[in-house]
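Trainee: Model the structure of this input:
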Amino acid sequence: MRIFGKGRHRPSASWRQATDRAFTLIGDGRYEDAGALLTRAADLEPWLSESWFNLALLHKFRHDWEQARAAGLRAVALLEREAGAPDWWNVGIAATALQDWPLARRAWQAYGLRVPGGVTAAGEPAGMDLGSAAVRLSPEGEAEVVWGRRLDPARIEVLSIPLPSSGRRWGEVVLHDGVPHGERTTAAGHSYPVFDEIELWAPSPVPTWVVLLEAAAEADRDALEQLAADAGFAAEDWSSSVRLLCRMCSESRMPSDEGDGEHLDPHDHSEPGHPGPLGHRTDGQLWVPERECGLAAPASLVRGLLDGWVADSPDSRDWRDLEEVC
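Mentor: Got it, this is the predicted structure:
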């Protein structure tokens, strides 16, 4: 993001040239070279808040949170408007990464968000009640969009069971960027932003398992999901919840429940025999008893959950090939 002319004086041609070149290098992943140019730009125009905003942005891309906080604070000190500046949001992300909760609270308030006075035992802001959102895990790799609960403007607790390729687990907390890339809508008309993960903020001790189920009906599948939830953990039918999207579709406005039922999602790029709705359909059938299921539960509990699920209806349920995958 390059903003010229927000201050009282127009930045010099040398500043603009250095900044433009720096962002080209950032796009190529050449952060060290970009940093040298942005440092030069800040030396040329130290009074310009954008000089420090751009440096803070670079340090955020590099996950250098101490430097991001320092540059961000210099940027906000030079701001001419009191609220709503993206400079404050970047300060909030850096402060959250560093667990500098007083600064994070100050940043969100300065941006214009209401921050209740409550705090957790660790001093984190509590009670912001930002609801649900989706987060794109590993956005530069094998990206996967999952659902979660927003703890504050920069963190989401993952409530879906991610695929093992993401390297993430159910219950983990990830730090995320402030600008959504995409949106998910529901049949009820609600829409939810999709944020990009920046990094893992808090790991989960709960492993991820994959198991093949024989579930005669959807109610059998639902019973396992409820059983896991009642135990304080999670089960997710990957056969129906996973769909493969190209990047353009993933970053657009997409219905969250497409691909289920009788109508295939035209944006679903899965193939027969692979994960996704197309891979689990057969001619004329809307339900296939064999289901690939993700489970998030401790090793000491997972087999007991599955055995208990089968014991409740042995004629319509079975499981096999349990494997820990993450």
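
Trainee: Tell me where the stretch 51-200 of the chain has helices.
Mentor: Here the stretch 51-200 of the chain has its helices, by DSSP state H, counting those that start in this stretch, at 65-77, 86-97, 101-111.

Trainee: which SS class is the closest residue to Asn54 other than its chain neighbours?
Mentor: Distances taken as C-beta to C-beta, 6 or more residues apart in numbering put Leu38 closest to Asn54, at 5.3 Å, once the chain neighbours are dropped. Quick note: C-beta positions are derived from backbone N, CA and C, even for glycine. For Leu38, the assignment made with DSSP: H, G, I helix; E, B strand; the rest coil gives helix.

Trainee: Contacts only, for Leu38.
Mentor: 18-19, 22, 51, 54-55, 58 (C-beta atoms under 8 Å, 6 or more residues apart in numbering).

Trainee: which one of these sits closest to Leu103?
Mentor: For the contacts of Leu38, the closest approach to Leu103 (C-beta to C-beta) belongs to Leu55, at 17.5 Å.

Trainee: Wait, that closest one touches Glu45, no?
Mentor: No - in this structure, Leu55 is not within contact of Glu45 by C-beta atoms under 8 Å, at 11.7 Å.

Trainee: Between these two, which has more neighbouring residues?
Mentor: Leu55 (24 against 21; other C-beta atoms under 10 Å).

Trainee: Compute the distance between the spatially closest residue to Ala85 that is not a sequence neighbour and Asp43, please.
Mentor: Closest residue in space to Ala85, ignoring its immediate chain neighbours: Leu79 at 5.4 Å, by C-beta to C-beta, 6+ apart. Per C-beta to C-beta, to the nearest Å, Leu79 is found 20 Å from Asp43.

Trainee: give me the low-pLDDT residue ranges for the chain?
Mentor: For the chain, the stretches with pLDDT under 70 are 1-9, 82, 242-285.

Trainee: 80 instead, please
Mentor: Counting by pLDDT under 80, the chain has low-confidence residues at 1-9, 81-83, 117-119, 121-122, 125-127, 129, 141, 184-190, 241-286.

Trainee: So which residue is dead centre in it?
Mentor: Val135 (2.4 Å; C-alpha atoms, centre = their mean).

Trainee: Surely that residue and Glu197 touch.
Mentor: Yes - between Val135 and Glu197 there is a contact under C-beta under 8 Å: 5.7 Å.

Trainee: intersection of neighbour lists for those two?
Mentor: Contact criterion C-beta under 8 Å, 6+ apart; residues shared by Val135 and Glu197: 174, 176.

Trainee: roughly how far apart are the nearest residue to Ala234 once chain neighbours are set aside and Leu227?
Mentor: Spatial nearest neighbour of Ala234, excluding adjacent residues (C-beta to C-beta, 6+ apart): Ala296 at 4.4 Å. Shown here: Ala296 relative to Leu227, a distance of 13 Å by C-beta to C-beta.

Trainee: Check Val174 too.
Mentor: 27 Å.

Trainee: of the two, who's got more company?
Mentor: Set Val174 next to Leu227 and count neighbours by other C-beta under 10 Å: Val174 wins out with 23 against 16.

Trainee: The residue nearest to that one when sequence neighbours are not counted: how many residues sit nearby?
Mentor: Of all residues not flanking Val174 in the chain, Glu197 sits nearest, at 4.7 Å (C-beta to C-beta, 6+ apart). For Glu197, the tally of surrounding residues (other C-beta under 10 Å) stands at 24.

Trainee: Quick check: bridge partners of Glu197?
Mentor: Beta bridges link Glu197 to His176 when assigned by DSSP bridges.

Trainee: So it is in contact with His176, correct?
Mentor: Yes - using C-beta under 8 Å, Glu197 is in contact with His176, at 5.5 Å.

Trainee: Mutual contacts of these two, please.
Mentor: Common neighbours of Glu197 and His176, using C-beta under 8 Å, 6+ apart, are Val135.

Trainee: can you tell me which residues contact Ala75?
Mentor: 49-53, 56, 87, 90-91.

Trainee: Taking those residues, please make a ChimeraX selection of just the buried ones.
Mentor: In ChimeraX syntax, the buried subset of the contacts of Ala75 is picked out as below (16 or more other C-beta atoms under 10 Å):
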select :49,50,51,52,53,56,87,90,91
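
Trainee: Tell me the one of the contacts of Ala75 nearest Ser12?
Mentor: Using C-beta to C-beta, those come closest to Ser12 at Ser51, 11.1 Å.

Trainee: Give me the neighbour count for Glu199.
Mentor: Glu199 is flanked by 10 other residues according to other C-beta under 10 Å.

Trainee: All the strands of the stretch 201-326 of the chain, residue numbers only.
Mentor: Along the stretch 201-326 of the chain, the segments classed as strands by DSSP state E, counting those that start in this stretch run 208-215, 234-237, 253-255, 290-296, 317-324.
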